[in-house]
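Asker: Requesting a structural model of the entry that follows:
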Amino acid sequence: MAQRHLDPTDPTAAAAPVPADALAAYLRSQATEFLRALRQHQETGAGAAGGPAESVDAARALRRSARRISGSLHTFRPLLDETWAEELRPELAWLSGTLALEHACRSRMDRLLQALNRLSPRTEPPTDTLVDVAAGSRADLAAGSRAAGAMGVPPAPEPVGGARGRVGAGGTPCSKSLGEAPAPAAPGTAAPATAAPRTVPHPAPPARSPAPPEARGNLTVGAAKAGALLDRQLTLARTRAHSTALQALGSARFHAVADKVAVLASDVPLAPAAQTADLRPLAAAAEERLTDAVAALPLVTAGHPYNAEALVHGLSPDPAPHPQDAPWHQVRLLLRLHRYACEALRGGEDPGTPVDARLLTAGQALNRHREASEAAAAAAAAARTPRIAPATAYALGVLHADQRHEVEAARFAFQQCWQQRTVTAG
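Answerer: Numbering: from 1, shown residues only. Alright, predicted model coming up:
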């Protein structure tokens, strides 16, 4: 059974009832953060894609406060004005999702390009290695000539004009290239008889480092084209998401949401039953929904570092999301609601109060799970592009498999964190 207490520094703090005033204080603080982030986002100039870091931080703070207000309205909706909460909650979810698209495209592109660089080895040897090999080859040729003289084979003449010549039978110089004709014999002189060329023994060439396999060479060549393809597609998606966010921030729908949040910063419309209500049962219900969703996950399978079933649908032509990912995404949302409920129980007076570190660790693992899942879907979508080179398609396939392995690693990390949390709480 997962632990019920919310403040790990004071296990007895949750024994006393938590009034609705704590929820009102929490909503007012988040509404204030929303308005502050909105003002900062407008002052830093959100008109250019990939703007300054202050604008990115402001957009992140805007999404953060919008998620917390929307989640609190969902968890504690029996204690709030029903009509007001049902009107504001989906609008905040729309705003948060719209603003998150650009950030998701940026992080997805960075993740995929970094994975391509990690999976692509160097195939060109360093320059000093080539110089050493060439020097060793010249030394081997000189040693071979001395060995040939000791065996009674006449040494080859020095190259004429700085070029290395070839010698036929009787020491007659041969042509420099296959396209030249041999020099005519002098008048009155019989042409020398043509004899089979003698084989001059040479020692074995020096051992070189093995060349990379052909598959890795194709991956390296295809990785550049795959990276360019992903960059084009994700940059286009990011530009569209940025335009959509700008249109949303300038729409009448957003201004209506901002007005409601501004009113929330000063007045929280509570239901009449909230005067004597306790927040703990509703927060416990959110935790139970999370516990039930985690219990339905295949944690036994996630307890192994490798899950072969995760690649069963890897070659499916259906662009729908992976069937194993939906329950994990749902657990991620429920974990967020549980965290926001824990924050609401503490109210808005002390936001620096420490929270359960295991909840944060589990949330980070589920965030990595979602990012890797979406990155794998982006690689698969790019691989479905018509008329791409085989090497590009192969690199995208390797990239897709790598991201699916990252999905399994995130599931394994969540399983380890959650099992430890359950044992400690029990």
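Asker: Give the rounded mean pLDDT of stretch 417-426.
Answerer: For stretch 417-426, mean pLDDT is 64.
Asker: actually stretch 379-394, not the one I typed
Answerer: Rounded mean pLDDT across stretch 379-394 is 92.
Asker: Same question for stretch 293-310.
Answerer: Averaging pLDDT along stretch 293-310 yields 71.
Asker: And stretch 275-288, by the same measure?
Answerer: pLDDT averaged over stretch 275-288 gives 93.
Asker: neighbouring contacts of it?
Answerer: By Cβ atoms under 8 Å, 6 or more residues apart in numbering, the residues outside stretch 275-288 that reach it are 2, 4, 6, 14, 17-20, 22-23, 75-76, 78-79, 334, 337-338, 341-342, 344-345. The way it works is simple: take the backbone N, C-alpha and C, and place the C-beta from them, glycine included.
Asker: And for stretch 81-91?
Answerer: Residues external to stretch 81-91 that are found in contact with it (Cβ under 8 Å, 6+ apart): 69-70, 73-74, 77, 253, 256-257, 260-261, 264, 269-271.
Asker: buried sites along that stretch?
Answerer: 81, 84, 85, 88, 89, 91 (16 or more other Cβ atoms under 10 Å).
Asker: quick one, phi psi at the first one?
Answerer: Residue 81 has phi and psi values of phi -60, psi 120 when expressed as degrees, to the nearest 10.
Asker: Assign residue 335 to helix, strand or coil.
Answerer: Counting by DSSP: H, G, I helix; E, B strand; the rest coil, the backbone at residue 335 sits in helix.
Asker: and it, how many residues sit next to it?
Answerer: Residues lying near residue 335 (other Cβ atoms under 10 Å) number 24.
Asker: could you measure it against residue 341, distance?
Answerer: Going from residue 335 to residue 341 by Cβ to Cβ, to the nearest Å gives 11 Å.
Asker: In this structure residue 336 contacts residue 72, no?
Answerer: No: Residue 336 lies out of contact with residue 72 (Cβ atoms under 8 Å); the separation is 11.1 Å.
Asker: and those two? which has more neighbours close in?
Answerer: The neighbour comparison of residue 336 against residue 72 (other Cβ under 10 Å) goes to residue 72, with 23 against 19.
Asker: Counting by contacts, list what the helix or strand harbouring the more buried one packs against.
Answerer: Here residue 72, judged by DSSP states H and E, is contained in helix 53-75. If you count contacts as 3 or more Cβ pairs under 8 Å, 6 or more residues apart in numbering; DSSP states H and E, helix 53-75 packs onto helix 20-43, helix 82-119, helix 280-295, helix 325-346.
Asker: what comes up buried for the longest one?
Answerer: The neighbour-count criterion (16+ other Cβ under 10 Å) identifies 84-85, 88-89, 91-96, 98-106, 108-109, 111-113, 115-116, 119 as the buried residues of helix 82-119.
Asker: same question, stretch 376-389
Answerer: Within stretch 376-389, the residues that qualify as buried are 376, 377, 378, 379, 380, 382, 383, 388, counting by 16+ other Cβ under 10 Å.
Asker: In helices, which of the contacts of stretch 81-91 appear?
Answerer: Within these, residues falling in helices by DSSP state H are 69, 70, 73, 74, 253, 256, 257, 260, 261, 264.
Asker: May I see these arranged in TSV, with neighbour count as well?
Answerer: As requested, the ones in helices among the contacts of stretch 81-91 are exported to TSV (neighbours: other Cβ atoms under 10 Å):
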residue	neighbour count
69	25
70	23
73	22
74	18
253	12
256	13
257	20
260	16
261	24
264	22
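Asker: ok, and the helix or strand in the protein with the lowest average confidence?
Answerer: helix 127-150 (a mean of 44; mean pLDDT, DSSP states H and E).
Asker: Might you report the residue contacts of residue 54?
Answerer: By Cβ under 8 Å, 6+ apart, the neighbours of residue 54 are 40, 44.
Asker: if we go to 6 Å?
Answerer: residue 44 (Cβ atoms under 6 Å, 6 or more residues apart in numbering).
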